[in-house]
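1. how does the following fold in three dimensions:
(chains A and B)
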Amino acid sequence: MAKKSHLILCVDDELVGLRVRKLLLERAGYRVLTALDGNTGLEIFKAEPVEAVVLDYSMPGMHGGEVASLMRQAKPEIPILLLSAYIGLPTEVTSVVNLYMTKGEGAPLLLKKLGTLLEHGVSAP
Amino acid sequence: MNLAQFKRILLQVFLLPVIGLLLTAGALYWQFRGSNATVDLIQTSDSRIAQATLIAKLVVDEESGLRGYETTSDPRFLEPFNDAEQHIEAEFQKLDALAGSDAEQKTTIEDLRNEHQTWRDAFALPVIATVRAGGETNDVDLNLYGKSLMDQVKQDLTTLIERENVRRSVRVSEWHQQGKNMLEALLAIALGMGILIGLFTRSRLHAVSAAYRMSLEVLSRRAEEIFQSEQRLRTTLASIGDGVVTCDAEGRIQMMNPVACELTGWSQAEATERPLEEVFRIVNEVTREPLETPVAKVKRLNSVVALANHTALIRKDGTELIIADSGAPIRDQTGATIGIVLVFRDITMERRTQEALLANEKLAVAGRLAATIAHEIHNPLDSVSNLLYLMRNGCSEEESKQFMEMAGQELARVTQISRAMLGLYRESKAPVPVNLNEMLHETLLLMDHRFMELGVKVRADLPEGLEVEAFPAELRQVFTNLITNAAEAASPGGEVRICASPVPASIALSGQKMPGGVRVTIADSGPGIPAEVRPHLFQPFFTTKGERGTGLGLWVSRGIINKHGGTIELSSETGESSHGTVVSVTLATKPGIATAVA
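-> Prediction:
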């Protein structure tokens, strides 16, 4: 478990889910920023030194895939983890992000994957 | 040739001989009259000859009387003279009258009279006077003088008679000629008339016979046409894909085509003359009650009838077919029903196909919702599992309470979604009271996420207490369909409005009684449906959504609403300023739904 207090950005339109995820990540020792839609998320992403993004796929307006590709354009080195309630997202979406997982797979897996991502992110230039 | 022409010919053929004979009679009469006139003239000649002969005799009497008296001086010898003397003037007048206007004869008669007068005055009377006076009269010169006078008289008489005889023989030969002429004319006229009548009658008979031959030809052509037409109809009937049975007015079977035989299981020979009810046994597919035969129905209503839905035909061997049929009266020229024709076909396969399609569409509706449902369930589940993880890893009592409450809320959401989803599949055999407000809210809940994805705002105006009797799963399917369509049309950034309102019982323009019920309208602010597309909307397999649509949604929806005794109507505007589509579903509060297998 990383305890380096990475700054994570969570984007999800589900308020309850977002709150719980924030709590979870904070408990895991991360600092967490939240956004309820893609546009707000992008603004925060550009403005703050975010180290990783946990992104919901299904959102009104702009879906996770679109948000991810815009984020890649801005800061390509930041790892993105895409969460979705759907199974079988199109490859053009999953190929943009570093990791993709289905909601409900459980908190340990999420934390583990996020940890791996951050390690890779840190080890990357 | 029509009857009037034929009658005219008959009249002509009758009249021509009559006219011909009349003309012949006229000619004969004219000839006869000429002949008569000649005979009259001959008689006149005869009379003149007789008269002249009479006068000649009188003259001879006078002369011989005078001679006797001259010789004897006895007055008794003078009697013939005196007698003739008395009459002769009258006889002369008669002769003159008989001569008429014959100038030559008249002159001769005048001469005769004068010469006789001269003989009498210059010879006879002086001789008589001399004898009476006792004188001598045998002087030769005197007697020669008297003789020469008398000779002239006789000469005139002879001339008269001879001339008249010549005339008579001319007239007689004329009469003979006339007779000959008449005979010739008679022959000529008879021959002419005969030929004329013969030719005319022949030409008329030719016309009649031509007309008769033509009639025969037309008749035989008609017969051939009728035969061909009957063959055509027979073949059509035999090769038609539907079962066809014809009955007489009493409902006895007259004819069945091969398909009808196959469907009923009765052969044509077995079925002929049997009452229709025996061969064509139909019951209600669901209630098993025997149904009125189309023949009875046609007789009762005296018009074309289509049979009720859910008709099952019990075949001869006891197996059943689901059929659709119709009956129509066969009428004669006066409009009286002389028979009934029944047309029916096996719709068992059609029904099965339809059922398969309906099931397919039901699955498609659920399938379309599956992603939404997964999302709706996974989201709360994710939160709950995260909360559990947090609690397991240690938290304060207050936090724990808060987490449990949140988890409870999220679970309630899952339950609600799951229940709404089950509602889509719950089958019921009979209609049950359905709270439309509840049902529509549940439907909207299931689709909530889809609305968000589509970027569509949904406004619902659903008053409490709107209840109808219906099959809930089916109604859900309809509303899910209609609301999905509306949301997809309004996307992105549009609006969908869903309203429900009670409808009072009324009488439609068609005079049909409309029961009270509820109208649900689903309106979207989408671009609208072009007019050329609108007529196809309720057809099966018609879709505007390409691969994403089955093309069955509206077709199935209408089927369901019709089954509920309701109506579904669609209006759409494609204008620049105002556009969108409104679908209204009207449902009766207490519909008379046939409890059929859904």
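2. please state the offset of stretch B:567-574 from the chain centre?
-> When C-alpha coordinates are averaged (C-alpha atoms, centre = their mean, to the nearest Å), stretch B:567-574 and its chain have centres 46 Å apart.
3. in which helix or strand does B:A473 reside?
-> helix B:472-490 (DSSP states H and E).
4. so that helix, near chain A or not?
-> No. Figure legend: helix B:472-490 not in contact with chain A (C-beta under 8 Å from any C-beta of the partner chain); closest approach 12.6 Å. Quick note: C-beta positions are derived from backbone N, CA and C, even for glycine.
5. quick one: residues in contact with the helix or strand that that helix is followed by.
-> As assigned by DSSP H and E, the chain's next helix or strand after helix B:472-490 is strand B:495-503. Strand B:495-503 is contacted from outside by B:436-437, B:440, B:444, B:451, B:456-463, B:466, B:483, B:486-487, B:490, B:514, B:516-525, B:586, using C-beta atoms under 8 Å, 6 or more residues apart in numbering or on different chains.
6. from those residues, which land in helices?
-> Among these, the residues falling in helices (DSSP state H) are B:436-437, B:440, B:444, B:451, B:483, B:486-487, B:490.
7. give me the distance from the helix holding B:A473 to the chain's centre.
-> Going by C-alpha atoms, centre = their mean, where helix B:472-490 is centred and where its chain is centred differ by 56 Å.
8. please apply the same query to stretch B:154-168.
-> Counting by C-alpha atoms, centre = their mean, stretch B:154-168 comes out at 92 Å from the chain centroid.
9. now do the buried residues in that stretch.
-> B:154, B:156-157, B:159-161, B:163-164, B:167-168 (16 or more other C-beta atoms under 10 Å in any protein chain shown).
10. these in strands, which ones?
-> Among these, no member falls in strands (DSSP state E).
11. re the thing from before, of the contacts of strand B:495-503, buried ones?
-> Buried among these by 16+ other C-beta under 10 Å: B:436-437, B:440, B:444, B:451, B:456, B:458, B:460, B:462, B:466, B:483, B:486-487, B:490, B:517-525, B:586.
12. how far does stretch B:478-494 sit from its chain's centre?
-> Its chain's C-alpha centre and that of stretch B:478-494 lie 58 Å apart, by C-alpha atoms, centre = their mean.
13. which parts of it are buried?
-> B:478-491, B:494.
14. anything in the helix or strand harbouring B:Q354 near chain A?
-> B:Q354 belongs to helix B:348-392 when assigned by DSSP H and E. Yes. Using C-beta under 8 Å from any C-beta, helix B:348-392 reaches chain A at B:371, B:374-383, B:385-387, B:389-390.
15. what mean pLDDT does that helix have?
-> The average pLDDT for helix B:348-392 rounds to 80.
16. try stretch B:222-238
-> Average pLDDT, stretch B:222-238: 90.
17. now the angle from the lowest-mean-pLDDT helix or strand in chain A to helix B:348-392?
-> Between all helices and strands in chain A, the lowest mean by mean pLDDT, DSSP states H and E belongs to helix A:107-123, at a mean of 79. Counting by axes from the mean of the first three to the mean of the last three C-alpha atoms, to 10 degrees, helix A:107-123 lies at 70 degrees to helix B:348-392.
18. packing partners for helix A:107-123?
-> Packing partners of helix A:107-123 (3 or more C-beta pairs under 8 Å, 6 or more residues apart in numbering or on different chains; DSSP states H and E): helix A:15-27, strand A:52-56, strand A:80-84, strand A:99-102, helix B:348-392.
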